[in-house]
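[1] Any chance you can model this:
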Amino acid sequence: MWLVIACVLSAALPDTSAAYFNGFNRPKVVHLAAKAGKGPVIVIVVDAMRPDRLSPYGAARDRSPNMAALADDGVTLTNYFVNANWTRPSTASILTGLLPSDHRVQGEADKLGPDVTTIAEALSESNVPTGAVIGNGNAASAFGLAQGFTEFADTVKHWKGLPTADDVVDLALPFVERHKNERFFLFVFMVDPHDPYHAPGNFETMYVRDPNTPL
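    Model prediction:
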């Protein structure tokens, strides 16, 4: 069995009127025992994508069939919270389970310290292969976020040439192929919805509407 987790980094907020977290209020990586027989885990982050424009979250137009298929075969979370309002501290929290005040990646000059344990480091203790393909420079190895990964691909060379989702997937697939018969952890970071906005041509007309229609 494969576990695929799709995360959306967005400023669009869920309904928190009945917010309650049933469990630890300060989750963190404490210990991971990778038992035999467990399948791979793939975490896919899509930066700046609005949940309310996706089919699983009630979007009027069905433009995300793959997300819908993933949701139909899994679990859709509706009560969720981000730990920071920008990429680097948010990514550090995803990889460590810590608040920014604890992992200390908060400002533009900050990077993750070697004293902080990432999920990749914890899995390495059980000899689980770990890989990452990063399409956002603020989640790059330069900021300590490659700690523990056996393979880590920085794809961003400059902000005017951000990789597409196809570019990221093309780099991730060889890792999957090499480890398809064993447990592995793969962290994939896509940035297509983020600015600068260079949508493929077919998307330019997909959402054409009457200019008098309220947003």
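[2] could you say what helices and strands the lengthiest helix in the chain packs with?
    Ranked by residue count under DSSP state H, the longest helix found in the chain is helix 165-178. Packing contacts for helix 165-178, counted by 3 or more Cβ pairs under 8 Å, 6 or more residues apart in numbering; DSSP states H and E, involve strand 130-134, strand 185-190. (Glycine included, C-beta is placed from N, CA and C.)
[3] any idea how far the most centrally placed residue in the chain is from residue 181?
    Note on the chain: the residue nearest the mean C-alpha position is residue 45, at 2.0 Å, using Cα atoms, centre = their mean. In this view, residue 45 and residue 181 are 26 Å apart by Cβ to Cβ, to the nearest Å.
[4] same thing with residue 107?
    43 Å.
[5] just the strands in this structure please.
    For the chain, the strands defined by DSSP state E cover 3-9, 41-47, 130-134, 151-154, 185-190.
[6] Given the shortest one, what are its sheet partners and their directions?
    If I follow you right, that is strand 151-154. Looking at strand 151-154 with DSSP bridges, its partner strands are strand 130-134 (parallel).
[7] Now find how far off-centre the strand it pairs with is within its chain.
    Mean-position distance between strand 130-134 and its chain equals 11 Å (Cα atoms, centre = their mean, to the nearest Å).
[8] so where is the chain shaky, pLDDT-wise?
    Counting by pLDDT under 70, the chain contains low-confidence ranges at 1-37, 158-160, 209, 211, 213-215.
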